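**Student:** 3D model of this:
(chains A and B)
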Amino acid sequence: MMLCGIDAPFECLPAPLPIWRAQVTIEQWLGAARAVHSDAGRLLALWGSDTRARQGGFSVCAAYVVAQGLVCLVLPLYSERYPDLSAIFPAAARMQRAISDLLGLEADGGGDHRPWLRHSAWPRDYFPLRAEFSGQESFSPMAREDYAFVAVEGEGVHEIAVGPVHAGIIEPGHFRFSVVGEKVLRLEERLGYTHKGVEKLFEHTPPLQGYRLAGRIAGDSTVAYAWAYAMALESAARIPLAEPDAWARALLLERERVANHLGDLGALGNDAGFAFGLSQFSMLRETWLRLNQQLFGHRFLMDCIVPGGSAFTLERAGRALLLRQCDQLEIQLARLHAIYDEHAGLQDRFMNTGRVAPHLAAELGLCGMAGRASAQSHDLRVDQPCQPYNQLGVRIATHHEGDVSARVSIRFDEISESLRLIREICHRLPPITPSPAVELSELNGSGIGCVEGWRGEVLIALDLWHGNIQRCHCHDPSWQNWPVVEHAIIGNIVADFPLINKSFNLCYSGHDL
Amino acid sequence: MWTIIKQIARSGIKSEAPPECEASLALDEPQIQARILKILGQALMIRQVDAGSCNGCELEIQALNNAYYNLEGLGIKFVASPRHADMLLVTGPVTRHMETALLRTYEAMPAPKLVVAVGDCAFNGGIFGGGYATCSGVSKLLPVDVLVRGCPPPPIEILRAILTAVESRER
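**Tutor:** You can find the predicted model right below:
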């Protein structure tokens, strides 16, 4: 059948949303990328696998979002090289550098060959995702390799180096600013500091236990990752999911979205010098998390989603508490929204700051919540709704300005919509009890799970072989969005960087893996 | 302005009682302030370093700054520079890529250089331990005064560990 402009043997994976998969040739690989690009499709993820034992060579995979759903293309390789996609999709550049670091496969003609996830803690010929390495190797400290940041030259240009340890209580990463006076000419990011070897750890994890590791890839998105992992495993191993469990998962996903948006709205106020906002929103967030602890046994909802279902009990009394909390939050939110909107000083800092125009967002592939603030109206819950979203009619929130102000407004809008969804789910959800333990009914298979987390699309691609995890690729939307932050800051002043960065609130751990 | 003041008044005072660091030692807010002053001779300044956590521990440490835990009321504050810090609060399994940054942060601190390791990863690498990419725990690199387990530990347990570390330096 024809998809992405190519005729290939596509199979439809058993998944709650339409996911197509096919093996392709090199010509089809490039042809599909061009066709997806010209049809306004998006590159979702790009990764490599050591499939030498099964098919005699490595392979690379690309996942695209197109109108018909998700399309996963697998390209078997006969060498250690493959065609570059970064000329078509700029977001592919860093993913290709990661493939080079982890597997030693190079993109032909890809412009940037600097290491990305490997700093200098292990030798350059050590490729952790290759089968000959166990991932348990340990290396003694080595000589530091210099990283060639792009230098900006000219009169009065100087550099400011920030990180990896940042001033606040946040994750580590390095930012290199080239500035003239206060104005930023260029920002270059260097990430990878939190690389924990997660994808290799998956290979030593029993498939039915993998949800715990998936749920710790990014602490703020534990529900999205655990659901994506469960979806991938249920698809690969043909594990059935009862309808009420899908509803229970959506309830948790929306609570996760609200918790993060509340935290960000407070922090954004604070970064613009409005400490009152932080104080108010952090109180709302704390009461929200406390109810999570009370009803689901974990403040961030870790380990509440398991393959085959969910791991908590929710009765009528619990649902009443959830509903009451939605009512209370809505009242507070309306008051705070009005205060934010009417505060001239705050709006002055928010408006026109860190602007990503819609055409730039489209070109760079800005996704998720930040994308929607730049008129990229993509939301999996709307475009490819799985159960229960197909019965809830999610209303997408979008803005056109693409500045900090738009990313603040999107968060207010999305909290309101999530509260509506939580109420709807609470009214229609039957009592939930922990699901019985499941077994793998298929020992070999591939599955993909994709969930619209609070930040954007989280994807997990899983390959099972003889009942073990042969490969588990985890993709965070931050891969697409980090490069856009480099553009958002151009022409702004250094002092606005924390505010702009916070307005995207991207993930380091989920990106560095 | 009026709406802001009204909202502050409506919110009321949320601060809760501080945790006990030992079962026999229940102190109220002024008493804890006095203990910190007696032991350190000053308010307690903390520098936090994420040595590769999933961000869960950071979110709970941030939560300590909300009104419920009243951290600054106890005489405790997070600072941006290790040069201003009495205590290092470390999360994560210590990735190989954060090893140098963590050691340099520790070296930059003045005495008493208290170290509190937060979370299961900081204890022994937790779910991320044992691979090529991590050092599997803070104690592999630094002398740890107090360790708080949990994935992530709730804010109140982190606060308890901070107070216990201060008490442990009383001679």
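**Student:** going by C-alpha atoms from here, please, whenever you check contacts or count neighbours.
**Tutor:** Fine.
**Student:** which residues of chain B fall in helices?
**Tutor:** Ranges of helices in chain B, per DSSP state H, are B:2-11, B:29-40, B:56-63, B:99-108, B:120-124, B:155-168.
**Student:** lowest average pLDDT across those helices?
**Tutor:** Sorting those by mean pLDDT places helix B:29-40 lowest, at a mean of 79.
**Student:** and that one, how far out from the chain's middle?
**Tutor:** 17 Å (CA atoms, centre = their mean, to the nearest Å).
**Student:** which residues does that helix contact?
**Tutor:** Contact with helix B:29-40 is made by B:17-18, B:42-44, B:73-75, B:166-167, B:169-170, as judged by CA atoms under 8 Å, 6 or more residues apart in numbering or on different chains.
**Student:** tell me the buried residues in that helix?
**Tutor:** Within helix B:29-40, the residues scored as buried using 16 or more other CA atoms under 10 Å in any protein chain shown are B:29, B:32-36, B:39-40.
**Student:** select the longest strand from chain B.
**Tutor:** The residue-count maximum for a strand in chain B (DSSP state E) belongs to strand B:44-50.
**Student:** I figured residue A:453 hits residue A:218, correct?
**Tutor:** No. Applying CA atoms under 8 Å as the test, residue A:453 and residue A:218 come out as separate, 11.1 Å apart.
**Student:** of the helices of chain B, flag the one that's most buried.
**Tutor:** Stretch with highest mean neighbour count among the helices of chain B: helix B:120-124 (a mean of 26; mean count of other CA atoms under 10 Å in any protein chain shown).
**Student:** mind checking if that one is in reach of chain A?
**Tutor:** No. Using CA under 8 Å from any CA of the partner chain, helix B:120-124 never reaches chain A; the gap is at least 10.7 Å.
**Student:** measure stretch A:170-185 end to end?
**Tutor:** This stretch, stretch A:170-185, spans 25 Å end to end (CA to CA, to the nearest Å).
**Student:** what sits up against that stretch?
**Tutor:** A:149, A:151-152, A:156-166, A:186-194, A:489-495, A:508-509, B:50-53, B:55, B:58.
**Student:** what about those, which are in helices?
**Tutor:** Under the assignment DSSP H, these contribute A:509, B:58 to helices.
**Student:** in PyMOL, select just the buried ones from the contacts of stretch A:170-185.
**Tutor:** With 16+ other CA under 10 Å as the criterion, this PyMOL line picks the buried residues out of those:
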select buried, (chain A and resi 157+158+159+164+165+166+186+187+188+190+191+192+193+194+489+490+491+492+493+494+508+509) or (chain B and resi 50+51+52+53+55+58)
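**Student:** now, which of the contacts of stretch A:170-185 lie within strands?
**Tutor:** Among the contacts of stretch A:170-185, DSSP E puts A:157-162, A:186-190, B:50 in strands.
**Student:** residue A:274: which of these is nearest?
**Tutor:** Of all those, residue A:274 sits closest to residue A:162, with 24.0 Å by CA to CA.
**Student:** how does chain A divide into domains?
**Tutor:** Domain ranges of chain A: A:2-108, A:198-476, per automatic domain parsing.
**Student:** list the residues that contact the residue nearest to residue A:150 when sequence neighbours are not counted.
**Tutor:** Among residues not flanking residue A:150 along the chain, residue A:188 sits closest, at 7.6 Å (CA to CA, 6 or more residues apart in numbering or on different chains). Neighbouring residues of residue A:188 by CA under 8 Å, 6+ apart: A:149-150, A:175-177, A:486.
**Student:** and for residue B:78?
**Tutor:** Neighbouring residues of residue B:78 by CA under 8 Å, 6+ apart: B:45-48.
**Student:** residue A:171: what secondary structure?
**Tutor:** Following DSSP: H, G, I helix; E, B strand; the rest coil, we place residue A:171 in the coil state.
**Student:** returning to what we had before: the more surrounded of residue A:453 and residue A:218?
**Tutor:** A direct count of neighbours by other CA atoms under 10 Å in any protein chain shown for residue A:453 and residue A:218 places residue A:453 higher, at 28 against 23.
**Student:** phi first, then psi, for the more buried one.
**Tutor:** phi -70, psi -180 (degrees, to the nearest 10).
**Student:** can you pull the contacts of the residue lying closest to it once chain neighbours are set aside?
**Tutor:** Closest residue in space to residue A:453, ignoring its immediate chain neighbours: residue A:224 at 5.1 Å, by CA to CA, 6+ apart. Counting by CA under 8 Å, 6+ apart, residue A:224 touches A:215, A:253, A:451-454, A:458.
**Student:** so residue A:224 lies in a strand, does it not?
**Tutor:** No. The assignment for residue A:224, made by three-state DSSP, is helix rather than a strand.
**Student:** in the stretch 301-450 of chain A, which residue sits closest to chain B?
**Tutor:** When scored by CA to the nearest CA, the stretch 301-450 of chain A has residue A:339 as its residue closest to chain B, at 7.1 Å.
**Student:** before we move on, back to that, would you mind giving the domains of chain A as TSV with mean pLDDT added?
**Tutor:** Listed next are those as TSV, based on pLDDT from 0 to 100:
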stretch	mean pLDDT
domain A:2-108	93
domain A:198-476	95
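**Student:** for those domains, which one sits closest to residue A:143?
**Tutor:** Distance to residue A:143, taken as CA to CA, is lowest for domain A:2-108 among the domains of chain A, at 17.7 Å.
**Student:** any part of the closest one near chain B?
**Tutor:** No. Domain A:2-108 does not reach chain B (CA under 8 Å from any CA); its nearest approach is 11.7 Å.
**Student:** ok, and which of the contacts of residue B:78 reach chain A?
**Tutor:** Contacts with chain A are made by residue B:48 out of the contacts of residue B:78, judged by CA under 8 Å from any CA.
**Student:** tell me the one of the contacts of residue B:78 nearest chain A?
**Tutor:** Using CA to the nearest CA, the contacts of residue B:78 come closest to chain A at residue B:48, 6.2 Å.
**Student:** give the contact list for the closest one.
**Tutor:** Residues near residue B:48 by CA under 8 Å, 6+ apart: A:168-169, B:78, B:88-90.
**Student:** quickly list what it is bridged to.
**Tutor:** Following DSSP bridges, residue B:48 is listed with bridge partners residue B:89.
**Student:** and the gap between the residue nearest to residue A:43 when sequence neighbours are not counted and chain B?
**Tutor:** Closest residue to residue A:43 apart from its sequence neighbours, by CA to CA, 6+ apart: residue A:64 at 4.6 Å. Noted for residue A:64: a distance of 27 Å to chain B, by CA to the nearest CA, to the nearest Å.
**Student:** run a quick neighbour tally on residue A:64.
**Tutor:** Residue A:64 - counted by other CA under 10 Å - has 24 other residues nearby.
**Student:** quick check: can you name the pairing partners of the helix or strand hosting it and their directions?
**Tutor:** Element membership of residue A:64 [criterion: DSSP states H and E] is strand A:59-66. If you go by DSSP bridges, strand A:59-66 pairs up with strand A:42-49 (antiparallel), strand A:69-76 (antiparallel).
**Student:** identify the residues contacting the first one?
**Tutor:** Going back to what we said before, that points to strand A:42-49. A:36, A:58-66, A:89, A:91-92, A:95-96, A:99, A:103, A:105, A:129, A:365, A:457, A:459, A:471, A:473, A:475.
**Student:** how about the CA coordinates for it, as PDB?
**Tutor:** Output of strand A:42-49 as PDB, limited to C-alpha atoms (Å, rounded to 0.1, in the frame of the first residue of the first chain):
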ATOM      1  CA  ARG A  42       6.600  15.500  11.000                       C
ATOM      2  CA  LEU A  43       9.600  13.500  12.000                       C
ATOM      3  CA  LEU A  44       8.800  12.100  15.400                       C
ATOM      4  CA  ALA A  45      11.900  10.000  16.200                       C
ATOM      5  CA  LEU A  46      15.000   8.500  14.600                       C
ATOM      6  CA  TRP A  47      17.000   5.600  16.100                       C
ATOM      7  CA  GLY A  48      19.300   2.700  15.300                       C
ATOM      8  CA  SER A  49      19.400  -0.900  16.400                       C
END
